[in-house]
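A.B. asks: got a structure for you, letters missing:
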C-alpha cells in the first residue's frame, strides 16, 4: 500500500498491513465488538480505510461504509438504520459530523484516523491507539467460526431513486468477483493500481480487495480531483474508473488536436486508423502483415504513445463502470493499445454482473455475464439477474427486498438488450426514461454522454419528460470556457455573466449541434441553459458516484426548465436549431 505524505508516496508492506489489521481487530474484540455487530467507516480513501475494513471483517463484525462527502443527516440515517455503535472517522469534518448526531444515533465510540484531531468525547480515541493493541488471544478462534454464507458487509445504495437502503452482501457474494476477475485478467506482484474512486462504493472496494489478494501495490488518492496528476506520478498498470475520466482525457486530446495545423490533424486521424486496424487484428487473432506493422510502429512513435502517456502508460486492466461510455471513446483508447473493459453491475450484485474482457469484447456494450451469473430481459425491457453474486436482501427491509425480486430473479431497474452472442447493451435506468409528449422514448444518459464528450462541458442533465422536445441543463467546464472567452477579448465579472453572454451561448450551441448531428431528431436537444454552478452532492443534485439525481435537479431548476419551454424563451436560453 502507498499513500502520499509530505510530497512522496509512503509505503506500507504486506507484513505491516497484516500486523495493523490484527491489532485493530484485537482492539475491537477486546472492546466488546461481537460477531455480526455493525461498524461504520466514514472517511476519504487512505490505507487506514482498508486497514479498518479488513480489521472489522477479521473481528467478524460487519463494515458499513459511509461516503466521505455525505452530509451529517445522510450519515446519521445510515448509522441509525444499520444500528451502528462504533465508527471510524477520517478527520476533523467526518468526526464533527458524527459528534453532531451521535446521541440521536446511539453511537458509543468513534476512532479517528487523523492524530491531529482533538477528541470531544472521553470514549473516543485515535487509530494509533488501536494499532498498538496486543494481539487478542481469541482472534484465531473468532476467525475459525467464519462461514462463506456469513454477512460480510452492508453497503448503502447511492439514493438516486429514493432513500438509501442497506445492501446485505455475504462473503460468498464477494468471492464471485475474485473468481470472475481471475478468469479473464492477470494482476500480480509488480502491478500498481491507483485507488481514486470512493472506497465506500462497492466497485472500488471490491477492486482494492482483489489488488491486495493478488499481491500488487495499491496507491490511495484521497482527492479524486488530482487523478490526472497522480496517474503521471504512479503510472498505474491497472485501475478502475468511471467514464468521466475517459471522457475528459478524450476531450482534452481532441481539443489539442483541433488547435493544430491541417497536417497534424490528418496525421492524428491516420494514426488512429492504423492503431485501430493493428490492435483489432491482434485481438481477433488475425495475422498482422509487414506493411501494417511498419505503419503502426510509425503511428505509435509519432502519436499513439502520447495517448497512453496521458493516462500514465500501458495498462493490463483498464475498467469503466457506473455509467455508459461511448463507442467512439472506446475505439479512441483501443487504437492507442488501451482496451477499456466496460462493465456493468449494481451494489446489489457485489457489484459486477457483466464485463468486456481481452479477446472477447464488443464496443457499445457492457460485455457478457461473469461466470455463474445469468441474465434475461423482461417483457418491458428490464434486465433481470440471478447468480451467486446477488445480494441476500436489504437490511431490515423485507418488503423492499421482496419488491426487488421477480421470483429468484433480481430486478436491476435498468433497461437493456442481449445480442445473439450474449453481449449486453444498457439503454437506461427504467425510471429515468424520458417519454416526450409525442410518445417517443428517450434515454437521457445517451444524450448526456454525447454532449458530455465536449471539452467545454463538465456536467449535463437532459430534460423532456412529457414535453414536446428535449432540452438540457449544461454545466460548462468553467476554466476552459473562461480561457476561450479571454482569448477573444471577452471580459466577464462573474460566471453568471459569462454563461449569459450571447456569444458564449452561440459558441456552445454550435458545439452541441455538431455533437448530436448523428442522432434522430427526437433525441436532439433543441434548447439549453448554461448554469453558473456545478451540480454537487451537498446540493443534492448528484450522488457520491456522480450520477444525476433527476428529481432534485428538476425541483431546484424548475423555473429555469420552464423558461426553455415557453413560447418566448427568456434571456439565457440557448437554441440548437428551430
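C.D. replies: Everything's here; your move. As the structure is a computational prediction, the values presented were derived from the model and not from experiment. Numbers count the residues shown, from 1 in each chain.
A.B. asks: the strands in the stretch 451-578 of the chain, which residues?
C.D. replies: 457-463, 470-476, 525-530, 573-575 (DSSP state E, counting those that start in this stretch).
A.B. asks: Report the residue spans of the stretch 451-578 of the chain with pLDDT below the cut-off.
C.D. replies: Along the stretch 451-578 of the chain, segments meeting pLDDT under 70 span 567-571, 578.
A.B. asks: Kindly report the same for the stretch 101-250 of the chain.
C.D. replies: 159-162.
A.B. asks: quick one on the thing from earlier: so can I have TSV of the strands of the stretch 451-578 of the chain showing mean neighbour count and distance to residue 81?
C.D. replies: C-beta: built from backbone N, CA, C; applies to glycine. Listed next are the strands of the stretch 451-578 of the chain as TSV, based on neighbours: other Cβ atoms under 10 Å; distance: least, Cβ to Cβ, whole Å:
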stretch	mean neighbour count	distance to residue 81
strand 457-463	23	29
strand 470-476	24	32
strand 525-530	23	37
strand 573-575	19	42
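A.B. asks: burial measure for the closest residue to residue 376 other than its chain neighbours, as a count.
C.D. replies: On the basis of Cβ to Cβ, 6 or more residues apart in numbering, the spatially nearest residue to residue 376 that is not a chain neighbour turns out to be residue 384, at 5.1 Å. Other residues near residue 384 come to 18 when the count uses other Cβ atoms under 10 Å.
A.B. asks: Please name the residues that touch residue 572.
C.D. replies: Counting by Cβ atoms under 8 Å, 6 or more residues apart in numbering, residue 572 makes contact with 499, 500, 505, 529, 530, 563.
A.B. asks: State the distance from it to residue 499.
C.D. replies: Using Cβ to Cβ, to the nearest Å, residue 572 is found at 8 Å from residue 499.
A.B. asks: Quick check: neighbours shared by the two?
C.D. replies: The contact lists of residue 572 and residue 499 share 505, 530, where a contact means Cβ under 8 Å, 6+ apart.
A.B. asks: Mind listing the strands the longest strand anywhere in the chain pairs with, and their directions?
C.D. replies: As assigned by DSSP state E, the longest strand anywhere in the chain is strand 409-418. In the sheet, strand 409-418 lines up against strand 382-386 (antiparallel), strand 405-406 (antiparallel), strand 424-429 (antiparallel) (DSSP bridges).
A.B. asks: Need the contact partners of it.
C.D. replies: Contacts for strand 409-418 (Cβ under 8 Å, 6+ apart): 161, 344, 346, 348-349, 353, 375-378, 380-386, 390-391, 403-405, 424-431, 433, 443.
A.B. asks: let's go with 6 Å and repeat that
C.D. replies: Strand 409-418 has contacts (Cβ atoms under 6 Å, 6 or more residues apart in numbering) with 381, 383-386, 390, 404, 424-430.
A.B. asks: that older thread, who wins for proximity to residue 249 among the strands paired with strand 409-418?
C.D. replies: Closest approach to residue 249 among these (Cβ to Cβ): strand 424-429, 22.0 Å.
A.B. asks: The closest one: how far from the chain's middle?
C.D. replies: 17 Å (Cα atoms, centre = their mean, to the nearest Å).
A.B. asks: Following the chain onward from it, which element is next?
C.D. replies: Tracing the chain C-terminally past strand 424-429 and defining elements by DSSP states H and E, one meets strand 434-435 next.
A.B. asks: Which secondary structure elements does that next one sit against?
C.D. replies: Helices and strands in packing contact with strand 434-435 are not found; criterion 3 or more Cβ pairs under 6 Å, 6 or more residues apart in numbering; DSSP states H and E.
A.B. asks: Each with direction, which strands does it pair with?
C.D. replies: Assessed with DSSP bridges, strand 434-435 is paired to strand 441-442 (antiparallel).
A.B. asks: what is the rounded mean pLDDT of the partner strand?
C.D. replies: For strand 441-442, the mean per-residue pLDDT is 87.
A.B. asks: what does that strand rub up against?
C.D. replies: So strand 441-442 is contacted by 433, 434, 435, 523 (Cβ under 6 Å, 6+ apart).
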